[in-house]
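Participant: Quick one, structure for this:
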Amino acid sequence: MSKQVFTHQRINANLSGLRIVVTGAGSGIGLATARNFLRAGARVGCNFLAGDASAETQIGNLAQEWVGMVTALPADISDPVSAKAMIQYAIDDFDGLDTLVNNAGTSGVQDPVPFSDLDGITPELWEATLNTNLVGAFNTIHAASKALKNSNGSIVNVASTAGLGGDASSLAYGASKAALINLTRNLAKGLGPDINVNAVAPGLTRTPWTEKWPEERKQRSLANTMLGRMVEADDVADAIVFLSMQKAITGQTLQVDCGRLF
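Facilitator: Alright, predicted model coming up:
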């Protein structure tokens, strides 16, 4: 069942003239989100980790397909100096900013660490996971907030059902995504009414990372959903585009999880 790909008509929106930054845009949900914004006519700054050859290639392909609409933004968002410089470059290039999508994230591990294995949660794992998934999002938001206020813009953070008590690759990953959901709610209060701040919480999503998971692990997760299928990256991208446009929605976390039962 996990091999079947479900398709449906994408959101049809005219976002011509809007200026978007998507972090972690080189693969998976980030790449699908950048592509969906480009299809809608927006200009998109695509962040990726410098030195990631695969991401650089993917973003280069986008730039060839949408000439003049893509800006490559190599940077490590976990570093506040790097994140600030990257966001400022995008703002200068676009002459402003309308939407920031915080998608960059890491599990920090190749294989899941059982919640009972406290020794498996090393200081290095905590630091790597929190610095990217939580601190990195704050770094980019901090750097972009003035430009987004000027445009009455929006922020969409990519959390996870792991942050809502679902399966997680580790305690560190679940905690980082739970904190991101909390940060989303509190920033919606703090930055409103000028900026809308929301999050999406994907369930098991078909990406290059999850394609490598053992089939047994995927089937166990799918059995815990109402629809019995994996989320597609475009499903999440559609939700992100939707939330970026909705000015009556803020402080919310939208689950895109095929009806996860938890």
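
Participant: okay, CA-based contacts and neighbour counts for the rest of this
Facilitator: Fine.

Participant: Tell me the pLDDT of Lys3.
Facilitator: At Lys3, the model reports a pLDDT of 47.

Participant: The residue nearest to Thr129 when sequence neighbours are not counted: how many residues sit nearby?
Facilitator: Distance criterion CA to CA, 6 or more residues apart in numbering; nearest residue to Thr129, sequence neighbours excluded, is Gly108 at 5.6 Å. Gly108 has 19 neighbouring residues, counting by other CA atoms under 10 Å.

Participant: Is it correct that Gly108 is in contact with Leu130?
Facilitator: No: counting by CA atoms under 8 Å, Gly108 does not reach Leu130; the two are 9.4 Å apart.

Participant: between the two, what contacts are shared?
Facilitator: Common contacts of Gly108 and Leu130, defined by CA atoms under 8 Å, 6 or more residues apart in numbering, comprise Tyr173.

Participant: ok, so what distance separates the residue nearest the centre of the chain from Leu180?
Facilitator: In the chain, the centroid-proximal residue (CA atoms, centre = their mean) is Asn103; its distance is 2.0 Å. To Leu180, Asn103 is 11 Å away according to CA to CA, to the nearest Å.

Participant: which residues do these two both contact?
Facilitator: By CA under 8 Å, 6+ apart, the residues touching both Asn103 and Leu180 are Asn157.

Participant: Tell me the confidence at Ser221?
Facilitator: 82.

Participant: which residues touch it?
Facilitator: Ser221 sits next to Leu204 when contact means CA under 8 Å, 6+ apart.

Participant: any idea whether it is helix, strand or coil?
Facilitator: State at Ser221, reduced to three classes by DSSP: H, G, I helix; E, B strand; the rest coil: helix.

Participant: can you give me the strands in the chain?
Facilitator: For the chain, the strands defined by DSSP state E occupy 19-22, 43-48, 70-74, 99-102, 154-158, 196-202, 205-206, 231-232, 253-256.

Participant: List of residues touching the fourth one?
Facilitator: Contacts to strand 99-102, defined as CA under 8 Å, 6+ apart, come from residues 18-24, 137, 140-141, 144, 148, 153-158, 240, 244.

Participant: in the helix or strand bottoming out on mean pLDDT in the chain, what counts as buried?
Facilitator: One helix or strand of the chain scores below all others by mean pLDDT, DSSP states H and E: helix 215-222, with a mean of 80. Under the neighbour-count criterion of 16 or more other CA atoms under 10 Å, helix 215-222 has 218, 221-222 buried.

Participant: for stretch 95-109, same thing?
Facilitator: Under the neighbour-count criterion of 16+ other CA under 10 Å, stretch 95-109 has 96-105, 107-108 buried.

Participant: ditto for stretch 119-139
Facilitator: So, applying 16+ other CA under 10 Å, buried residues of stretch 119-139: 121, 125-126, 128-139.

Participant: Same question for stretch 50-61.
Facilitator: Those would be 55-56, 59-60, for stretch 50-61 by 16+ other CA under 10 Å.

Participant: same deal with stretch 192-209?
Facilitator: So for stretch 192-209, counting by 16+ other CA under 10 Å, buried means 194-206.

Participant: CSV for the residues you listed, including pLDDT and distance to Ala40?
Facilitator: What follows is the buried residues of stretch 192-209, written out as CSV (pLDDT from 0 to 100; distance: CA to CA, whole Å):
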residue, pLDDT, distance to Ala40
Asp194, 98, 23
Ile195, 98, 21
Asn196, 98, 20
Val197, 98, 21
Asn198, 98, 20
Ala199, 98, 21
Val200, 98, 20
Ala201, 97, 23
Pro202, 95, 22
Gly203, 90, 25
Leu204, 85, 26
Thr205, 86, 23
Arg206, 86, 23
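
Participant: can you pull up the bridge partners for the residue lying closest to Leu38 once chain neighbours are set aside?
Facilitator: Using CA to CA, 6+ apart and skipping the chain neighbours, the partner closest in space to Leu38 is Val44 (6.7 Å). Under DSSP bridges, the beta-bridge partners of Val44 are Ile20, Val70.
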